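**Q** build the 3D model from these lines:
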Amino acid sequence: MNTEDHNELREIPFDLSTRELGIVVGFDGSPNSELALDYGVAVAGRSGAPLTVVTTYKTPFPLYPNYASLPPTQEVGASERAAEAALEAAASHLSEYSGEVTYLTMEGDSVGALVDASAKAHLMIVGARGRGGFLGRVLGSVSMALPAHAQCPTVMVPVKAEFGDGPVVVGVDGSVHGRRAALHAAQEAAVRGTSLVLVTAMQTPDTGDYWYRVRPRSDSDLVDGRRAELQEELQKEAAWVSEHVPGVEISGEVRIGTPGEILHDAVPEAQLVVVGSHGRGAVASALLGSVSRATLHRSQRPVMVVPPLKDERVEQAAPAR
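**A** As a prediction, the model looks like this:
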């Protein structure tokens with residue numbers, strides 16, 4: 001097992017029966033959040049889970065040097081009214097949706113409020129960009145910070161998202177967080193009625209990150225030998241996932257390049273890309289790993305980030321690199 005697996009001390013309980021919010025979509029009325037809402041409707045419809053639409057507002061700290069600095073009465077509560085207006089727009093957008101929907105406004109910082117909601121959610125869905133302080137700021141705030149801190153899987157829907165009917169693609173590396181991601185990806189493939197592709201990256205000797213026991217006669221021998229080893233391990237990984245999520249066609253591909261590059265290259269053929277986030281012990285303050293971050297920045301397909309959820313299946317015997 002990888003060293004980082006031993007360091008992964010923080011696990012998040014994930015009992016869906018206690019998570020009454022179901023599929024949660026962050027909404028602010030922007031076009032990208034409407035795409036996220038449409039995606040949430042599709043997910044809720046497939047899973048039969050309730051749909052919850054959340055918007056946030058932040059009340060400025062009421063500190064004024066004198067009476068003349070007090071804002072006009074009509075400005076007080078403006079943020080809350082704007083949030084309520086956003087939910088009215090969401091309700092109008094969903095006027096023909098027949099499933100169960102709950103609308104929530106939450107006071108506080110957008111990331112913090114959505115993280116709180118994620119503790120009661122099956123899945124969080126946000127757009128890559130939004131208006132002002134809610135979903136926006138160039139892939140820097142909510143869509144990057146939320147997956148790192150969320151208490152459930154998070155799907156980020158890109159600004160110009162493409163929704164295809166290809167396979168679900170998941171990046172794996174033999175680690176615990178990779179196996180969690182693979183199990184969630186397999187379940188997604190099952191409910192979507194599609195196949196699953198496990199992708200692992202192999203870097204070449206000239207990257208400086210390549211490890212080998214004995215230097216072979218040539219770099220090509222090294223690459224071919226290592227690729228064969230990884231392909232065999234990947235087949236074992238696929239068989240392990242299939243045992244836990246039967247009925248899904250699973251294949252594995254070893255691709256040469258960095259993890260971020262090979263996942264980006266896999267995007268055109270995927271309807272969903274899944275990655276695991278790194279939980280690093282008590283200081284899992286939750287920065288995403290470089291692979292997750294790179295994938296979120298570059299993808300034109302929805303990306304799911306799976307946090308370190310408690311799952312007894314990953315504690316069972318499984319292939320280890």
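
**Q** tell me the contacts of L87?
**A** With Cβ atoms under 8 Å, 6 or more residues apart in numbering as the criterion, the residues that contact L87 are F27, V53, T55, Y103, L104, T105. Glycine gets a C-beta too; all of them are placed from N, C-alpha and C.

**Q** let's have these in CSV, adding neighbour count, secondary structure and pLDDT.
**A** Rendered in CSV, the data for the contacts of L87 read as follows (neighbours: other Cβ atoms under 10 Å; DSSP: H, G, I helix; E, B strand; the rest coil; pLDDT from 0 to 100):
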residue, neighbour count, secondary structure, pLDDT
F27, 29, coil, 94
V53, 25, strand, 97
T55, 28, strand, 93
Y103, 17, strand, 97
L104, 16, strand, 95
T105, 18, strand, 93
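
**Q** apart from its chain neighbours, what residue comes closest to A91?
**A** Beyond its immediate neighbours in the sequence, the residue positioned closest to A91 (Cβ to Cβ, 6 or more residues apart in numbering) is Y103, lying 6.4 Å away.

**Q** for L104, that is, sorry about that
**A** V54 (4.8 Å).

**Q** who touches stretch 93-102?
**A** L21, G22, E34, L37, V41, A44, G45, P50, L51, T52, V53, A91.

**Q** possible to save the residues you listed as JSON lines with distance to A238 and secondary structure?
**A** As requested, the contacts of stretch 93-102 are arranged in JSON lines below (distance: Cβ to Cβ, whole Å; DSSP: H, G, I helix; E, B strand; the rest coil):
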{"residue": "L21", "distance to A238": "33", "secondary structure": "coil"}
{"residue": "G22", "distance to A238": "30", "secondary structure": "strand"}
{"residue": "E34", "distance to A238": "37", "secondary structure": "helix"}
{"residue": "L37", "distance to A238": "34", "secondary structure": "helix"}
{"residue": "V41", "distance to A238": "31", "secondary structure": "helix"}
{"residue": "A44", "distance to A238": "29", "secondary structure": "helix"}
{"residue": "G45", "distance to A238": "29", "secondary structure": "helix"}
{"residue": "P50", "distance to A238": "33", "secondary structure": "coil"}
{"residue": "L51", "distance to A238": "33", "secondary structure": "strand"}
{"residue": "T52", "distance to A238": "34", "secondary structure": "strand"}
{"residue": "V53", "distance to A238": "37", "secondary structure": "strand"}
{"residue": "A91", "distance to A238": "43", "secondary structure": "helix"}
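
**Q** so after the helix of greatest length in the chain, what's the next helix or strand?
**A** Selection of the longest helix in the chain by residue count, based on DSSP state H, yields helix 219-244. Per DSSP states H and E, the first helix or strand lying C-terminal to helix 219-244 is strand 250-256.

**Q** what residues does that next one touch?
**A** Counting by Cβ under 8 Å, 6+ apart, the neighbours of strand 250-256 from elsewhere in the structure are 186, 195-204, 223, 227, 230-231, 234-235, 237-238, 241-242, 262, 265-266.

**Q** one more: stretch 15-25?
**A** Outside stretch 15-25, the residues within contact range by Cβ under 8 Å, 6+ apart are 33, 36-37, 39-40, 43-44, 47, 49-54, 100, 102, 114, 117-126, 152.

**Q** kindly recompute the last result at 7 Å.
**A** Stretch 15-25 has contacts (Cβ atoms under 7 Å, 6 or more residues apart in numbering) with 36-37, 40, 43-44, 49-54, 117, 120-125.

**Q** how far out from the middle of the chain is that stretch?
**A** Going by Cα atoms, centre = their mean, to the nearest Å, the spacing between the C-alpha centre of stretch 15-25 and its chain's C-alpha centre is 16 Å.

**Q** quick one: average pLDDT of the longest helix of the chain?
**A** Helix 219-244 carries an average pLDDT of 85.

**Q** domain map for the protein?
**A** Domains of the chain are assigned by automatic domain parsing as 20-151, 163-315.

**Q** could I get those as JSON lines with distance to P13?
**A** Formatted as JSON lines, the domains of the chain follow (distance: least, Cβ to Cβ, whole Å):
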{"stretch": "domain 20-151", "distance to P13": "9"}
{"stretch": "domain 163-315", "distance to P13": "5"}
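
**Q** and these: which comes nearest F14?
**A** domain 163-315 (4.2 Å; Cβ to Cβ).

**Q** the closest one spans what distance, first to last residue?
**A** Its first and final residues considered, domain 163-315 spans 34 Å by Cα to Cα, to the nearest Å.

**Q** so what's the gap between that domain and the chain middle?
**A** Using Cα atoms, centre = their mean, the distance between the centre of domain 163-315 and that of its chain works out at 14 Å.

**Q** coming back round to it: could the contacts of L87 be laid out in CSV, adding distance to E11?
**A** Converted to CSV, those look like this (distance: Cβ to Cβ, whole Å):
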residue, distance to E11
F27, 30
V53, 29
T55, 30
Y103, 32
L104, 27
T105, 31
